[in-house]
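Enquirer: pasting the sequence and the predicted coordinates here, then a few questions.
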Amino acid sequence: MKIESITLREIPMRLKAPFETSFGTVQDRRILLVEVVADDASGWGEVTAGETPAYNPETTDTAWQVISDFIAASLVGKSVATASELPGLMSQIRGHEMAKSGVENALWDAEAQLKGVPLSRLLGGTMEEISCGVSLGIQENPRSLVKRVEEELSSGYQRIKLKIKPGKDREFVAAVREEFPKIRLSVDANSAYTLDDAAHLKTLDEFDLLMMEQPLSWDDIHAHSKLQAQIETAICLDECIHNTRHALTAIELKSCRIINIKLGRVSGHTEARRMQEACRELGVPVWCGGMLESGIGRAHNIAMSTLPGFSLPGDVSASQRYWNEDIIEPVVEVTAKGTIRVPKTPGLGYTVKRDRVEQLTLRRNSWSV
Ligand code: OSB
Ligand code: MG
């Protein structure tokens, strides 16, 4: 495949409702889209960086700069046999995983189209349907949270994840667990606690949670091993894990029993695939996390979730939970039993609404041979 051109765009997309986590609230997303043309196929990727560096160090603007100044020009004109060669070509760039992921994943889409296969199959995925959960932002009070949970359960979602932070944790989890004693329930703290909170976090053991996601510092695998030794609930790492080495370190240190894989955080499909395979060999379940993606990022998440290591429901849910109008057709829909049927057409399996993207584009950069 010869990389003929790369186009980077920024589009604004407003979430239907504000989404609150321990690190802040977002409603107006600033999303970067990458289009790579290779051998006349056009593939799309999404940069999943946030607007601020509160989840990880990247932002929409840092990704724009890194792709513009260090990635795009160096790749245009290059020929590769497969998209899995791209990490090698970007290896001199430290970090900036989300910037790299947007570019690499676009080429994976193009490659799948050129080969006439669904992206899920090109990646080695085997599932025809994936299991879905939802991530609920922090709510005003326990009562309003219970109401939200009820709505999501009636849509069929198989697992509910509650965002928590100090002061908005135990009481909220207790209210949901009391109302729904049997559901698969998780919490995600996005690094809001320290080891000093170990005794408090241990009190969540009684709620029979499927997992507690990233309670401690975003970059501290070691502290999580100390916490995991003190609590029954399985810790799941999100922010700490950027590559397979990190995953292996966390597993060896017993810092977690589950890993959340996000394409952006681990720099793209090549590394995500390697990580799920390594985890599978060690018997550690993984699942696909979400970053409030547009339909393009969502479609990549669906393809990745078909790999055999993804044995728990992901934060991959219907387009209509996020957007009044998505940028793909058809939009992502969830069945009454809380699954998404994996598309069978070549590439991402959804069509990018070019006119809509064009209309929304705030800035654009293009590189071609
Ligand atoms: O920690 O999983 C997270 C959103 C933004 C940043 C971090 C996280 C999240 C979510 C939302 O939980 C998942 C989604 O519905 O896309
Ligand atoms: Mg998380």
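Expert: Yes, it's here. Ligands and ions are numbered 1, 2, ... in the order given.
Enquirer: not counting sequence-adjacent ones, nearest residue to residue 274?
Expert: residue 244 (5.0 Å; Cβ to Cβ, 6 or more residues apart in numbering). (Glycine included, C-beta is placed from N, CA and C.)
Enquirer: quick one, phi psi at the closest residue to ligand 2 within the stretch 151-300 of the chain?
Expert: Ligand 2 sits closest to residue 238 of the stretch 151-300 of the chain, with a gap of 3.6 Å, by Cβ to the ion. Backbone torsions for residue 238, taken as degrees, to the nearest 10, come to phi -120, psi -80.
Enquirer: can you count the residues close to it?
Expert: 23 (other Cβ atoms under 10 Å).
Enquirer: do I have it right that it meets residue 213?
Expert: Yes - Residue 238 is within contact range of residue 213, at 5.4 Å (criterion: Cβ atoms under 8 Å).
Enquirer: now do the shared contacts for those two.
Expert: Listed as contacting both residue 238 and residue 213 by Cβ atoms under 8 Å, 6 or more residues apart in numbering are 188, 190, 260.
Enquirer: so which of those reach ligand 2?
Expert: residue 188 (Cβ under 5 Å from the ion).
Enquirer: can you lay out the shared contacts of residue 238 and residue 213 as a markdown table showing secondary structure and neighbour count?
Expert: Formatted as a markdown table, these follow (DSSP: H, G, I helix; E, B strand; the rest coil; neighbours: other Cβ atoms under 10 Å):
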| residue | secondary structure | neighbour count |
| --- | --- | --- |
| 188 | strand | 25 |
| 190 | coil | 20 |
| 260 | strand | 26 |
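Enquirer: tell me who's in contact with the residue of the stretch 151-300 of the chain closest to ligand 2.
Expert: Applying Cβ under 8 Å, 6+ apart, the residues near residue 238 are 188, 190, 213, 214, 260, 262, 265, 289.
Enquirer: if we can go back for a sec, near ligand 1 too, which of the shared contacts of residue 238 and residue 213?
Expert: 188, 190 (Cβ under 6 Å from any ligand atom).
Enquirer: list just the nearest of the shared contacts of residue 238 and residue 213 to residue 321.
Expert: residue 188 (16.5 Å; Cβ to Cβ).
Enquirer: which non-adjacent residue is nearest that closest one?
Expert: Per Cβ to Cβ, 6+ apart, closest to residue 188 is residue 213, 3.8 Å.
Enquirer: model confidence score at residue 338, please.
Expert: On the pLDDT scale, residue 338 is placed at 98.
Enquirer: to clarify, my last question referred to residue 214.
Expert: 98.
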